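A.B. asks: let me see the structure of the following:
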Amino acid sequence: MVHGSSNGGKKKAKKAAKRKPVNLQPQYPSKFPKVVHVDDGDSSAVDEHHVVSHDMYPSNHAEYAQGDFHMHSDGKFRPSEVIAKAAANGVVYISLTDHDTMAGVSEAMDTGRALGVFVLPGVEISAEEAGAENLHILGYFCPGTDSVALEAKLLAIRQARHKRGKEMLRKLAEMGIHLNWDRVLEIAGEAAPGRPHVAEALVEGGHVSNFREAFS
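C.D. replies: Prediction:
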(Lines give C-alpha, C1' and ligand atoms only; values in the text may rest on other atoms or scores of the structure.)
Protein backbone atom coordinates (compact mmCIF):
# COMPACT_ATOMS: atom_id res chain seq x y z
CA MET A 1 0.00 0.00 0.00
CA VAL A 2 1.30 3.46 -0.88
CA HIS A 3 0.79 6.03 1.84
CA GLY A 4 0.90 9.76 1.11
CA SER A 5 2.17 12.13 3.80
CA SER A 6 -0.06 14.81 5.29
CA ASN A 7 2.57 17.55 4.76
CA GLY A 8 1.13 18.45 1.36
CA GLY A 9 -2.32 18.97 2.86
CA LYS A 10 -0.97 21.17 5.67
CA LYS A 11 0.98 23.35 3.23
CA LYS A 12 -2.10 23.83 1.04
CA ALA A 13 -4.22 24.75 4.08
CA LYS A 14 -1.67 27.37 5.21
CA LYS A 15 -1.45 28.80 1.68
CA ALA A 16 -5.24 29.01 1.46
CA ALA A 17 -5.43 30.82 4.80
CA LYS A 18 -3.04 33.52 3.49
CA ARG A 19 -4.77 33.89 0.12
CA LYS A 20 -5.81 37.41 -0.82
CA PRO A 21 -9.61 37.86 -0.56
CA VAL A 22 -11.46 37.84 -3.86
CA ASN A 23 -12.40 41.30 -5.10
CA LEU A 24 -16.19 41.39 -5.36
CA GLN A 25 -16.54 45.12 -5.98
CA PRO A 26 -19.14 46.35 -8.51
CA GLN A 27 -18.26 45.33 -12.06
CA TYR A 28 -21.77 44.59 -13.25
CA PRO A 29 -23.68 46.09 -16.17
CA SER A 30 -26.76 48.10 -15.21
CA LYS A 31 -29.02 45.88 -17.31
CA PHE A 32 -28.68 42.24 -18.33
CA PRO A 33 -29.98 40.96 -21.68
CA LYS A 34 -31.93 37.71 -21.72
CA VAL A 35 -29.74 34.71 -20.91
CA VAL A 36 -30.21 31.18 -22.20
CA HIS A 37 -28.72 28.33 -20.18
CA VAL A 38 -28.28 25.04 -22.02
CA ASP A 39 -27.96 21.86 -19.96
CA ASP A 40 -26.75 18.78 -21.84
CA GLY A 41 -27.80 16.44 -19.03
CA ASP A 42 -24.44 16.00 -17.28
CA SER A 43 -24.60 16.19 -13.52
CA SER A 44 -21.79 18.71 -13.46
CA ALA A 45 -19.68 20.59 -15.97
CA VAL A 46 -16.57 19.19 -14.30
CA ASP A 47 -17.39 15.68 -15.60
CA GLU A 48 -16.95 16.51 -19.28
CA HIS A 49 -15.63 20.10 -19.12
CA HIS A 50 -18.30 21.00 -21.65
CA VAL A 51 -18.64 24.47 -23.13
CA VAL A 52 -21.72 24.95 -25.29
CA SER A 53 -21.46 26.39 -28.80
CA HIS A 54 -23.59 28.61 -31.04
CA ASP A 55 -25.28 25.57 -32.62
CA MET A 56 -26.97 24.66 -29.34
CA TYR A 57 -28.89 27.93 -29.07
CA PRO A 58 -32.25 28.81 -30.68
CA SER A 59 -32.26 30.05 -34.28
CA ASN A 60 -33.11 33.53 -32.98
CA HIS A 61 -30.13 33.46 -30.62
CA ALA A 62 -29.13 36.98 -31.67
CA GLU A 63 -31.81 38.19 -29.23
CA TYR A 64 -30.11 36.43 -26.35
CA ALA A 65 -26.86 36.54 -24.47
CA GLN A 66 -25.17 33.15 -24.32
CA GLY A 67 -24.18 32.02 -20.86
CA ASP A 68 -23.33 29.10 -18.62
CA PHE A 69 -23.60 29.64 -14.88
CA HIS A 70 -22.27 26.27 -13.70
CA MET A 71 -18.65 25.98 -14.87
CA HIS A 72 -15.63 24.44 -13.16
CA SER A 73 -11.87 24.91 -13.31
CA ASP A 74 -11.03 22.44 -10.52
CA GLY A 75 -10.96 19.46 -12.86
CA LYS A 76 -8.95 19.42 -16.08
CA PHE A 77 -8.65 23.10 -17.08
CA ARG A 78 -7.35 26.21 -15.35
CA PRO A 79 -9.73 29.20 -14.91
CA SER A 80 -8.10 31.10 -17.79
CA GLU A 81 -8.51 28.07 -20.08
CA VAL A 82 -12.20 27.72 -19.21
CA ILE A 83 -12.81 31.38 -20.07
CA ALA A 84 -10.80 31.13 -23.30
CA LYS A 85 -12.85 28.11 -24.41
CA ALA A 86 -16.04 29.96 -23.56
CA ALA A 87 -14.97 33.00 -25.59
CA ALA A 88 -14.05 30.78 -28.54
CA ASN A 89 -17.56 29.30 -28.47
CA GLY A 90 -19.35 32.63 -28.24
CA VAL A 91 -20.31 32.33 -24.57
CA VAL A 92 -20.27 35.84 -23.10
CA TYR A 93 -21.64 35.28 -19.57
CA ILE A 94 -20.11 32.72 -17.21
CA SER A 95 -20.09 31.94 -13.53
CA LEU A 96 -17.10 30.01 -12.23
CA THR A 97 -18.49 27.68 -9.55
CA ASP A 98 -15.61 25.52 -8.35
CA HIS A 99 -16.16 23.11 -5.49
CA ASP A 100 -15.71 24.77 -2.08
CA THR A 101 -13.21 27.36 -3.29
CA MET A 102 -13.12 30.74 -5.00
CA ALA A 103 -9.38 30.57 -5.63
CA GLY A 104 -9.85 30.65 -9.40
CA VAL A 105 -12.29 33.57 -9.55
CA SER A 106 -9.70 36.37 -9.80
CA GLU A 107 -7.85 34.63 -12.66
CA ALA A 108 -11.14 33.96 -14.44
CA MET A 109 -12.29 37.58 -14.09
CA ASP A 110 -8.95 38.92 -15.35
CA THR A 111 -9.11 36.64 -18.40
CA GLY A 112 -12.76 37.52 -18.93
CA ARG A 113 -12.02 41.25 -19.01
CA ALA A 114 -9.30 40.63 -21.62
CA LEU A 115 -11.52 38.44 -23.83
CA GLY A 116 -14.86 40.19 -23.41
CA VAL A 117 -16.48 37.51 -21.23
CA PHE A 118 -18.42 38.64 -18.15
CA VAL A 119 -17.53 36.43 -15.16
CA LEU A 120 -19.95 36.29 -12.24
CA PRO A 121 -18.17 35.18 -9.03
CA GLY A 122 -19.59 31.91 -7.80
CA VAL A 123 -18.94 28.72 -5.85
CA GLU A 124 -20.43 25.24 -5.49
CA ILE A 125 -20.65 24.49 -1.77
CA SER A 126 -20.74 20.96 -0.39
CA ALA A 127 -23.41 20.54 2.28
CA GLU A 128 -24.83 17.72 4.34
CA GLU A 129 -28.25 17.11 5.85
CA ALA A 130 -29.07 14.36 8.33
CA GLY A 131 -30.80 11.47 6.61
CA ALA A 132 -30.21 12.88 3.13
CA GLU A 133 -27.63 12.59 0.38
CA ASN A 134 -24.87 15.17 0.15
CA LEU A 135 -26.12 18.46 -1.27
CA HIS A 136 -24.34 20.80 -3.68
CA ILE A 137 -25.42 24.44 -3.37
CA LEU A 138 -24.57 26.95 -6.10
CA GLY A 139 -23.83 30.43 -4.76
CA TYR A 140 -23.60 33.62 -6.85
CA PHE A 141 -22.25 36.83 -5.40
CA CYS A 142 -23.20 40.48 -5.68
CA PRO A 143 -21.18 43.59 -4.78
CA GLY A 144 -20.54 43.95 -1.06
CA THR A 145 -20.24 40.23 -0.33
CA ASP A 146 -18.00 39.54 2.68
CA SER A 147 -15.51 37.26 0.94
CA VAL A 148 -13.23 37.05 4.02
CA ALA A 149 -15.93 35.39 6.14
CA LEU A 150 -16.93 33.22 3.20
CA GLU A 151 -13.37 32.02 2.60
CA ALA A 152 -13.08 31.03 6.27
CA LYS A 153 -16.12 28.79 5.90
CA LEU A 154 -14.87 27.38 2.60
CA LEU A 155 -11.50 26.58 4.19
CA ALA A 156 -13.25 24.40 6.79
CA ILE A 157 -15.13 22.61 4.01
CA ARG A 158 -11.92 22.07 2.01
CA GLN A 159 -10.25 20.55 5.06
CA ALA A 160 -13.16 18.11 5.27
CA ARG A 161 -12.64 17.33 1.56
CA HIS A 162 -9.02 16.46 2.31
CA LYS A 163 -10.25 13.97 4.88
CA ARG A 164 -12.77 12.46 2.45
CA GLY A 165 -10.12 12.27 -0.28
CA LYS A 166 -7.80 10.27 1.94
CA GLU A 167 -10.70 7.99 2.80
CA MET A 168 -11.26 7.38 -0.93
CA LEU A 169 -7.62 6.35 -1.30
CA ARG A 170 -7.92 4.04 1.71
CA LYS A 171 -10.93 2.27 0.17
CA LEU A 172 -9.14 1.97 -3.17
CA ALA A 173 -6.14 0.46 -1.37
CA GLU A 174 -8.43 -2.16 0.15
CA MET A 175 -9.37 -3.07 -3.44
CA GLY A 176 -5.70 -3.41 -4.37
CA ILE A 177 -5.46 -0.02 -6.10
CA HIS A 178 -2.74 2.11 -4.55
CA LEU A 179 -2.52 5.86 -5.22
CA ASN A 180 -0.18 8.43 -3.73
CA TRP A 181 -1.96 11.22 -1.83
CA ASP A 182 0.71 13.80 -2.61
CA ARG A 183 0.22 13.09 -6.33
CA VAL A 184 -3.53 13.69 -5.97
CA LEU A 185 -2.73 17.05 -4.33
CA GLU A 186 -0.39 17.93 -7.21
CA ILE A 187 -3.16 17.17 -9.70
CA ALA A 188 -5.63 19.29 -7.71
CA GLY A 189 -3.29 22.30 -7.66
CA GLU A 190 -5.11 25.26 -6.07
CA ALA A 191 -8.40 23.36 -5.95
CA ALA A 192 -9.66 21.28 -3.05
CA PRO A 193 -8.94 17.62 -3.80
CA GLY A 194 -11.97 15.61 -4.87
CA ARG A 195 -13.29 12.83 -7.09
CA PRO A 196 -12.06 14.38 -10.39
CA HIS A 197 -8.47 14.49 -9.12
CA VAL A 198 -8.60 10.93 -7.78
CA ALA A 199 -10.07 9.91 -11.14
CA GLU A 200 -7.20 11.58 -13.00
CA ALA A 201 -4.71 9.77 -10.76
CA LEU A 202 -6.46 6.49 -11.58
CA VAL A 203 -6.20 7.20 -15.32
CA GLU A 204 -2.59 8.34 -14.96
CA GLY A 205 -1.71 5.14 -13.10
CA GLY A 206 -3.33 2.95 -15.74
CA HIS A 207 -5.98 1.61 -13.35
CA VAL A 208 -8.82 2.81 -15.61
CA SER A 209 -8.89 3.92 -19.24
CA ASN A 210 -10.86 7.17 -18.87
CA PHE A 211 -12.72 9.50 -16.50
CA ARG A 212 -16.09 7.90 -17.18
CA GLU A 213 -14.78 4.50 -16.13
CA ALA A 214 -13.28 6.03 -12.98
CA PHE A 215 -16.63 7.54 -11.98
CA SER A 216 -18.61 4.34 -12.66
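A.B. asks: CA atoms for contacts and neighbours, from now on please.
C.D. replies: Fine.
A.B. asks: do you know how far Arg78 is from Phe215?
C.D. replies: As defined by CA to CA, to the nearest Å, Arg78 lies at a distance of 21 Å from Phe215.
A.B. asks: which one of those two has more residues nearby?
C.D. replies: Arg78 (18 against 12; other CA atoms under 10 Å).
A.B. asks: residue contacts, that one?
C.D. replies: If you count contacts by CA atoms under 8 Å, 6 or more residues apart in numbering, Arg78 has them with Gly104.
A.B. asks: repeat that for His136.
C.D. replies: Residues counted as contacts of His136 (CA under 8 Å, 6+ apart) are 124-127.
A.B. asks: mind checking which of those are in strands?
C.D. replies: Among the contacts of His136, the ones falling in strands (DSSP state E) are 124-127.
A.B. asks: let me know the closest of these to Ala149.
C.D. replies: Ile125 (14.3 Å; CA to CA).
A.B. asks: residue contacts, that closest one?
C.D. replies: Neighbour list for Ile125: 99-100, 136-139, 154 [criterion: CA under 8 Å, 6+ apart].
A.B. asks: 7 Å instead, please
C.D. replies: 99-100, 136-138 (CA atoms under 7 Å, 6 or more residues apart in numbering).
A.B. asks: which residues does it form a beta bridge with?
C.D. replies: Ile137 (DSSP bridges).
A.B. asks: against Leu96, how distant is it?
C.D. replies: 12 Å.
A.B. asks: ok so, going back, buried subset of the contacts of Ile125?
C.D. replies: 99-100, 138 (16 or more other CA atoms under 10 Å).
A.B. asks: what is the longest helix of the chain by residue count?
C.D. replies: helix 147-174 (DSSP state H).
A.B. asks: model confidence over that one, on average?
C.D. replies: In this model, helix 147-174 has a mean pLDDT of 87.
A.B. asks: quick one: which helix or strand includes Phe69?
C.D. replies: Per DSSP states H and E, Phe69 falls inside strand 65-71.
A.B. asks: can you list the strands that that strand pairs with?
C.D. replies: When sheet partners are counted by DSSP bridges, strand 65-71 sits next to strand 35-36 (parallel), strand 93-96 (parallel).
A.B. asks: so how many other residues sit close to the closest residue in space to Ser209 that isn't next to it in sequence?
C.D. replies: Leaving aside its chain neighbours, Ser209 sits nearest to Val203 (5.8 Å; criterion: CA to CA, 6 or more residues apart in numbering). Applying other CA under 10 Å, we find 16 residues neighbouring Val203.
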